[in-house]
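1. here's a sequence, model it:
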Amino acid sequence: MFCKVKFLPLGQSVGIIGYGHTEISDDPRFRVVTQDAFIRDMMSVDGRRSLFGSEPPWSTEDIEAAAEKWVAQTKIRERIFFSGSVVELAVIAARKCLAQAGVRPDQLDVIIGGTNTGPGYPSLADHIKLGLGQPSRAMAYDVAEACSVGPLAVFDGWDWIRSSVCRRALVVCAEDATLLTGYDDWRGSNLFGAGAYAFLLGQTEREAFVFFDGQSLPFDGQIDKIVKTASGFRQDGNAVHKFVGRVVVEALVGAVEAAGIKPSDIDHLVPHQPSGPTLDLLEAKLRKRWPEFRGRVHRHVETTGNTSGASTGQLISAGVKSGVIKQGELVVAFAFGAGLSFVAYGFTV
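-> The predicted model follows:
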């Protein structure tokens, strides 16, 4: 799937008119956990037995050495944990977004939840609507596609507005990705964090979105590289890393070219945040393909962990709030995951 927006039949122009994301300062239930604190205070005894290959007790030196190895392997120094629910994460971001936009909950037409760790049924979006506390006629539903769900949910919101069926669509992606692996599985549990973002999409005078692209590649055994399990999920991290270097880079280069965008015109590139080494590989290959690219590549995985579907929206919302992303600048966001998929979009702030 690829669409260049200006080549579509005439439709209602769409823009992002509100932003919100979770931050440590939002609520005392958020906390920053270093890798050594996770090993010492949060991992199960069985998990530590597996990690150290020995029986307790384990010394402070043992724990610090293991944490240093994790940081070297993932570049993740610390992660965000949240003691509440995924629904509560989502509602925090949704409320901030609506407050920033000056829009009431009863003025929404549709609420789209994006999540891999949410409540299931009833949907995250239904719970968000309830949590906003103001009855409305807004339709509420979820989408899911592993880490690709962030951009995919934005596309759904855009489509509702573009068709003129709706005036305002609230898109909220929330993930407690720390739930994706049990704390016995130290090979995966050292990656993940919790977070959420919300975008309010609405009718605008000029179209902000330039393109959307998406593809799924479950063939040749790739569907087995990321698999949901009873206790979370399992992934072949090395295979996913290679997929990014081999497939994701080419998919993004092709989408940008098809959209008629010059790499030199991209102000902000916002990739999903799987791990530090994978981001390093991605950026190095893209800069080699695009020597003229001078934009900023956004990342926060080192201090938040991998927040799955929420990562790209968190970075965009934080960039807009801080003024790093300015009005009129071109942003290209993309994510990848599931078995295995790629979704990207470009828009002007």
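
2. report how many residues lie close to the nearest residue to residue 296 once chain neighbours are set aside.
-> Nearest residue to residue 296, sequence neighbours excluded (Cβ to Cβ, 6 or more residues apart in numbering): residue 268, at 5.4 Å. The way it works is simple: take the backbone N, C-alpha and C, and place the C-beta from them, glycine included. By the measure other Cβ atoms under 10 Å, the count of residues near residue 268 is 21.

3. so residue 268 sits against residue 293, correct?
-> No. Counting by Cβ atoms under 8 Å, residue 293 is not a contact partner of residue 268; they are 11.0 Å apart.

4. tell me how far the residue nearest to residue 296 lies from residue 334.
-> Between residue 268 and residue 334 the distance is 12 Å, computed by Cβ to Cβ, to the nearest Å.

5. ditto for residue 13
-> Separation of residue 13 from residue 334 (Cβ to Cβ) stands at 23 Å.

6. please identify which of those two sits among more neighbours.
-> Neighbour tally, residue 13 and residue 334, criterion other Cβ under 10 Å: the higher count belongs to residue 334, 25 against 16.

7. check which helices and strands the helix or strand harbouring the more buried one sits against.
-> Per DSSP states H and E, residue 334 falls inside strand 330-337. In terms of contacts (3 or more Cβ pairs under 8 Å, 6 or more residues apart in numbering; DSSP states H and E), strand 330-337 is packed against helix 149-162, helix 249-258, strand 268-271, helix 311-322, strand 341-348.

8. between these, which one is nearest to residue 21?
-> When these are compared for distance to residue 21 using Cβ to Cβ, the nearest one is helix 311-322, at 3.8 Å.

9. in that closest one, which residues are buried?
-> For helix 311-322, the neighbour count (16 or more other Cβ atoms under 10 Å) marks 311, 312, 313, 314, 315, 316, 317, 318, 319, 320 as buried.

10. then stretch 122-142?
-> Taking 16+ other Cβ under 10 Å as the neighbour-count basis, stretch 122-142 is seen to contain the buried residues 123, 124, 125, 126, 127, 128, 129, 132, 138, 139, 140, 142.

11. need the contact partners of the helix or strand where residue 302 lies.
-> Element membership of residue 302 [criterion: DSSP H and E] is helix 301-304. If you take Cβ atoms under 8 Å, 6 or more residues apart in numbering as the criterion, helix 301-304 is touched by 32, 75-80, 193, 195, 273-276, 279, 311, 314.

12. next step: the residues you listed restricted to helices.
-> Of the positions in those, 276, 279, 311, 314 sit in helices, assigned by DSSP state H.

13. and these, which is closest to residue 110?
-> Using Cβ to Cβ, residue 314 is the member of those that lies nearest residue 110, at 21.6 Å.

14. re earlier: want to throw the ones in helices among the contacts of helix 301-304 into a markdown table with distance to residue 301?
-> As requested, the ones in helices among the contacts of helix 301-304 are arranged in a markdown table below (distance: Cβ to Cβ, whole Å):
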| residue | distance to residue 301 |
| --- | --- |
| 276 | 6 |
| 279 | 7 |
| 311 | 8 |
| 314 | 11 |
